[in-house]
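> 3D, please:
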Amino acid sequence: MNSFKVDILNTGLIIVAFILAYFLPFELFLFSYAVLGPLHYFTEINWIKEKNYFVDNKFWIYIIGLFCLVITLPTLISLPFFEGISNNESIQYIRYTILRYDSGLFFLALVIAFAFLMFKNKTTQYVVIAFGLTIAFLLRNVTQAMILFSVFLPTIIHVYVFTLLFMWYGNLKTRARIGYFNIVLLALVPIIISVLTIDARSYHFSDTIKQIFAENNFNVINVNIYKLLGLSDGTKFFFYESVDLKVQMFIAFAYTYHYLNWFSKTTVIGWHKRLTQKRTVVIIVLWLASVALYFYSYRVGLIMLLFLSMIHVFMEFPLNIISIKTIAKSFYKKT
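Below you'll find the predicted structure:
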C-alpha cells in the first residue's frame with residue numbers, strides 16, 4: 001500500500017474513531033486499551049528494538065528498564081498474591097517514596113534520551129543528565145510538574161500529542177496534502193468535541209463498565225484534564241455530565257486512533273518487516289494471553305501489563321525527540 005492510500009485510510013480511521021468515541025466513550029476506551037493496546041506494545045517494542053532504540057548508547061534500555069520497574073512497583077505489589085507484604089510498614093514507605101519521585105523519573109528519562117541523541121561527547125552527556133537530575137529533584141514537590149510528567153506524559157501526551165507530531169514528522173518526507181489534512185483534522189478533534197451539543201440522557205453505561213473504569217482509577221486522567229482546563233477543581237467525576245462525556249470522548253478517540261494509526265503504518269514504517277515467523281507466533285500468543293487476562297480480570301490484566309505499557313512509552317522518547325527536532329528543522333529551513 002503506497003503512502004497516499006495509507007493517508008486516505010487514516011482519514012477514514014480518524015473519522016471512525018471519532019464516531020465510535022462519540023457513541024461509546026467509555027466502552028471504546030476500555031476495549032481499545034485491553035485489546036488493541038497489548039498488540040501495539042508487542043509490535044512496537046520489537047520494531048524499536050530492531051532500530052537499536054534510536055540511540056547509540058547501549059545503557060539506554062537498561063536505564064529505562066530500571067525506571068519502569070521502579071515506577072510500576074507500587075502498582076505491581078497491589079496484586080492479590082502480594083497482599084501479605086503490601087501492608088507492611090516498610091513496603092508502604094517505599095511505595096510512598098516511589099510515588100513521590102516517579103514524575104522525576106519520567107522527566108529524567110526524557111533528559112537522558114535528549115542527552116544521548118543530541119550530544120556525542122560523553123562528558124557533555126553527563127553534564128546534561130546531571131542538570132536534569134537536579135531539575136527533577138527540585139520539581140519533586142511541584143504539583144503541576146508531577147501531574148504533567150506522571151499523569152499526562154504517559155497518557156494523553158503520548159497517545160495524542162506525540163502521535164500528531166509523529167504524523168507531521170512522517171509527512172515531511174512526502175509533503176502530501178492529504179497527510180497535512182489528516183494532521184489538521186487530528187488537531188481539530190478536541191475542538192470539535194468541545195463545541196458539540198451533548199444530551200447526557202441518551203447515554204447509558206452498565207454497572208460493569210463503570211466499575212472497571214472506577215476501580216482502575218482511569219478517572220485520574222479525566223479530573224486532571226478538567227483541572228487543567230479550569231472546568232473544576234479536579235476532585236469530582238461523574239459519568240453523565242456533559243463535560244465528563246466530552247473529555248472521555250476525547251480520551252477514547254486519542255487512544256483508539258493512536259493504536260489504529262500504528263497498525264495502518266505497516267507498509268510506510270515497515271515494522272512488519274522486523275517480524276520473523278517465530279516472533280510473529282510469539283507475539284500473537286502473548287497478545288491473546290494478554291487479552292484473555294483482561295477478560296478474566298481487567299484490574300489484574302492492567303497491572304500485569306503495566307510494565308509493558310510503560311516501557312513502550314519510555315522506548316518512544318528518542319523517536320519523539322527526533323520527530324520534534326526534524327519538525328523544528330523544517331521551520332528553520334524555511335526562514
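
> Please report how far residue 136 lies from residue 150.
12 Å (C-beta to C-beta, to the nearest Å). C-beta coordinates here come from the backbone N, C-alpha and C atoms, glycine included.

> where are the low-confidence patches of the stretch 151-300 of the chain?
Scanning the stretch 151-300 of the chain with the threshold set as pLDDT under 70 gives 233-235, 267-268, 270-272, 274.

> What are the boundaries of the helices in the stretch 1-150 of the chain?
Ranges of helices in the stretch 1-150 of the chain, per DSSP state H, counting those that start in this stretch, are 3-23, 25-31, 37-50, 60-76, 83-86, 89-118, 122-138, 143-147.

> Now render those helices as a markdown table, adding distance to residue 312 and mean neighbour count.
As requested, these are arranged in a markdown table below (distance: least, C-beta to C-beta, whole Å; neighbours: other C-beta atoms under 10 Å):
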| stretch | distance to residue 312 | mean neighbour count |
| --- | --- | --- |
| helix 3-23 | 20 | 17 |
| helix 25-31 | 18 | 21 |
| helix 37-50 | 5 | 20 |
| helix 60-76 | 9 | 18 |
| helix 83-86 | 26 | 11 |
| helix 89-118 | 13 | 18 |
| helix 122-138 | 22 | 14 |
| helix 143-147 | 21 | 15 |
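
> Throw the ones you listed into TSV and include mean pLDDT, thanks.
Converted to TSV, the helices of the stretch 1-150 of the chain look like this (pLDDT from 0 to 100):
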stretch	mean pLDDT
helix 3-23	93
helix 25-31	97
helix 37-50	93
helix 60-76	91
helix 83-86	59
helix 89-118	82
helix 122-138	94
helix 143-147	87
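
> quick one, what contacts residue 131?
The neighbourhood of residue 131, defined by C-beta atoms under 8 Å, 6 or more residues apart in numbering, consists of residue 111.

> Could you rerun that using 10 Å?
Contacts of residue 131 were listed using C-beta atoms under 10 Å, 6 or more residues apart in numbering, and they are 111, 115.

> how much space is there between it and residue 11?
Separation of residue 131 from residue 11 (C-beta to C-beta) stands at 43 Å.

> rewinding a little: between the helices of the stretch 1-150 of the chain, which gets nearest to residue 321?
Residue 321 sits nearest to helix 89-118 of all the helices of the stretch 1-150 of the chain, at 5.5 Å, using C-beta to C-beta.

> How about the backbone phi and psi for the closest residue to residue 240 other than its chain neighbours?
Excluding the flanking residues, the one nearest residue 240 by C-beta to C-beta, 6 or more residues apart in numbering is residue 200, at 4.6 Å. Per-residue torsions, residue 200: phi -60, psi -20 (degrees, to the nearest 10).

> Wait, residue 200 touches residue 25, no?
No. In this structure, residue 200 is not within contact of residue 25 by C-beta atoms under 10 Å, at 11.2 Å.

> any common contacting residues for those two?
Common neighbours of residue 200 and residue 25 (C-beta under 10 Å, 6+ apart) are 239, 244, 245.

> Could you give me the PyMOL selection string for whichever of these are buried?
One line in PyMOL is enough to select the buried members of the shared contacts of residue 200 and residue 25, burial here meaning 16 or more other C-beta atoms under 10 Å:
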select buried, resi 239+244+245
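
> which of the shared contacts of residue 200 and residue 25 lies closest to residue 194?
Nearest to residue 194 among those is residue 245, at 11.6 Å by C-beta to C-beta.

> so what's the backbone phi/psi at the closest one?
With angles defined as degrees, to the nearest 10, residue 245 shows backbone torsions of phi -70, psi -40.

> Report the contact partners of it.
Applying C-beta under 10 Å, 6+ apart, we find residue 245 in contact with 22, 25, 26, 193, 196, 198, 199, 200, 202, 203, 238, 239.

> Which single one of the residues you listed is nearest to residue 160?
Residue 160 has its nearest neighbour among the contacts of residue 245 in residue 193, at 12.0 Å by C-beta to C-beta.

> My read is that residue 202 contacts residue 23, right?
Yes. Between residue 202 and residue 23 a contact is recorded at 9.2 Å, counting by C-beta under 10 Å.

> Show me the common contact partners of the two, please.
When contacts are counted by C-beta under 10 Å, 6+ apart, residue 202 and residue 23 have no shared neighbour.

> Surely residue 310 and residue 66 touch.
No. Assessed by C-beta under 10 Å, residue 310 is found out of contact with residue 66, at 11.8 Å.

> Spell out which helix or strand contains residue 184, please.
Residue 184 is part of helix 177-195 when elements are defined by DSSP states H and E.

> wait, I meant residue 261
Assigned by DSSP H and E, residue 261 belongs to helix 242-264.

> Just the buried positions in that helix, please.
Within helix 242-264, judged by 16+ other C-beta under 10 Å, the buried ones are 243-262, 264.

> so how far is that helix from its chain's centroid?
The chain centroid and the centroid of helix 242-264 are separated by 11 Å under C-alpha atoms, centre = their mean, to the nearest Å.
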